[in-house]
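> got a predicted structure here, sequence first:
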Amino acid sequence: MKKRFILLLPLTWLVFIGLFYIDKMLTAVPLPVSIAVSLLVVIADFLIIIRIRSGKGLKIPFSILSVLAVAIYNVFGIACNPYWHSNTGYSNRPLPDSYADVLTSQQAIEDLDYMMTFLKKDHPACYGGVPSEVLERYNNVKSELESLDTITVNELCRKTEYVLSCLHDGHTYTFPTYDYHYLKDSYSDELAGYKTVSVNGLTIDELAKQSADLISYEAESWEITRIRSLYFTLEGLDYLGLDNTEVTYVFEKDGQTITRTYTQEDYALIDDKIDEEKSLAIMTLTSCRANSEYNKAVKDMFTEVKEKNIQHVAVDIRGNGGGNDAVIGEFFRYLDIDGYNTCGLEWRLGFIKIPYPVMYEKNEKVNDLLFTGDFYLLTSSGTFSSAMLYAQYVKDNHVGTIIGEAPGNDPNGYGEVVYFALPNSKIFMSVSTKHFIRVDKDAGTYLVEPDIECSSNEAMDKLYEVI
């Protein structure tokens, strides 16, 4: 055979590049498909090698490289890659039609086992083995599912999160992705400032106690935030085990209560400020999205701050559920600080754990728009994930003053999630891959405590009072 046949070997390696691209950019490649393709490549390479009659100088190294190509893809492309087979970053995620969609017992068990596969593979707490409590709950749920004929999407979601909640990791949970129907009045001016006292006769504390094993959380305040997001929706009420055909809420404000009852028709799909007088600029950041739109908004705000000689700047991250922590560094570029410490972490990559120490980040200042006044951050128990990191970096680096409530997750907890869609129910599963270490390891507090503590509803008033 001619020497050129040996050049067929590198061509087979391109198959793995194609598989990686498909899994990352288009659709998740199932494990059986990956294994089958790997076997076919191994067989093809073997047949090519034994047919080569010449080119002995290239035969050995190319043979070794062929084996390495297969090994690298399977070890680092699948076993150690937390994003393998995930739905992270996909724009078109599969959605169930309704929370009442019905699955067979076998379909539900398949989804439960699918969830456990990636929990074992990716979560830092499962490195070296699944915690006994998680395993016990998994076995109990599997036994329950085997005794059923059918189960709804919401019921399965309750059972899967029951398995995950004992990890006490607010980033690792299951959630259905159908469209939620929200109570219209819950966001109206009419109820602004009112506090929910009870739902269908259950106080919020009773709801929290009843739902303790149904919600993954680290801080109890985050559990309450999750519960609130649920009891104002038809789907969430069902998840909490409450009747959603007729719902009675009791609200309280300044010692006065009002009672209102709603039916399903009352729920529907929910389709930079400068105060020159107070010399205050406020940016409201509802999520941490690091993109060109955000970068432009920050630059535009500080441009106006400089033009109007504003002395106080605040960022409102109350209710911000997180996203990309690059928003922090971009904003800090306009503050007069030389640098700041970022948190440390351990990253779970399959059977490997990679530690990263607390690092010092040099601040690439925007000198012509540098702000030298007072900086404030408004927080709530609904400030979570990357938004919590924002508060942590401000607090532990002494960058500004935090006003409001402690954010809703532990700075020494888990994060950097990957998402998976359970194949039958289309329930989405979020799994942490990193264990974070707080910037100030001697902070002495479980959460990132504000400098000025008050109810999140009063944080804006408190800001004006302070300045």
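Arrived safely, thanks for sending.

> and S425, that one's in a helix?
No. S425: not assigned to a helix; according to DSSP: H, G, I helix; E, B strand; the rest coil it is coil.

> thinking G322 is in contact with S386, fair?
Yes. Using CB atoms under 8 Å, G322 and S386 qualify as a contacting pair, with a distance of 4.1 Å. Where you see a C-beta, it was placed from the backbone N, CA and C, and this is true even at glycine.

> pLDDT averaged over the lengthiest helix in the chain, what's the number?
Looking only at the chain and at elements set by DSSP state H, the helix with the highest residue count is helix 31-51. Regarding helix 31-51, the rounded mean pLDDT is 75.

> by contact count, what packs against that helix?
Helices and strands touching helix 31-51, as assessed by 3 or more CB pairs under 8 Å, 6 or more residues apart in numbering; DSSP states H and E, comprise helix 8-21, helix 56-72.

> re the thing from before, overlap of the contact sets of G322 and S386?
Common contacts of G322 and S386 (CB atoms under 8 Å, 6 or more residues apart in numbering): C288.

> the helices and strands packed on helix 31-51: lowest mean pLDDT?
The stretch with the lowest average pLDDT out of the helices and strands packed on helix 31-51 is helix 56-72, scoring a mean of 67.

> right, and the helix or strand after that helix?
Using DSSP states H and E, the helix or strand that follows helix 56-72 towards the C-terminus is strand 102-104.

> shouldn't Y267 be in contact with H181?
Yes. In this structure, Y267 sits in contact with H181. The criterion is CB under 8 Å, and the distance is 4.0 Å.

> find residues that contact each of these two.
The contact lists of Y267 and H181 share 233-234, where a contact means CB under 8 Å, 6+ apart.

> in the stretch 301-450 of the chain, which spans are helices?
Assigned helices in the stretch 301-450 of the chain, in chain order: 326-332, 386-396 (criterion: DSSP state H, counting those that start in this stretch).

> and these, which is most packed in?
With neighbours defined as mean count of other CB atoms under 10 Å, the helices of the stretch 301-450 of the chain peak in mean count at helix 386-396, which reaches a mean of 26.

> what helices and strands are in contact with that helix?
Packed against helix 386-396, as judged by 3+ CB pairs under 8 Å, 6+ apart, are the following elements: helix 326-332, strand 339-342, strand 374-379, strand 401-404.

> repeat that for 10 Å
In terms of contact count using 3 or more CB pairs under 10 Å, 6 or more residues apart in numbering; DSSP states H and E, helix 386-396 is assigned the packing partners strand 312-316, helix 326-332, strand 339-342, strand 374-379, strand 401-404, strand 414-421, strand 428-437.

> and the angle for the last one with strand 414-421?
If you take axes from the mean of the first three to the mean of the last three CA atoms, to 10 degrees, strand 428-437 sits at 160 degrees to strand 414-421.

> hmm, back to that, mean pLDDT lowest where, among the helices and strands packed on helix 386-396?
strand 414-421 (a mean of 87).

> got the angle for that one vs helix 386-396?
Using the same axes, to 10 degrees: strand 414-421 against helix 386-396 is 170 degrees.
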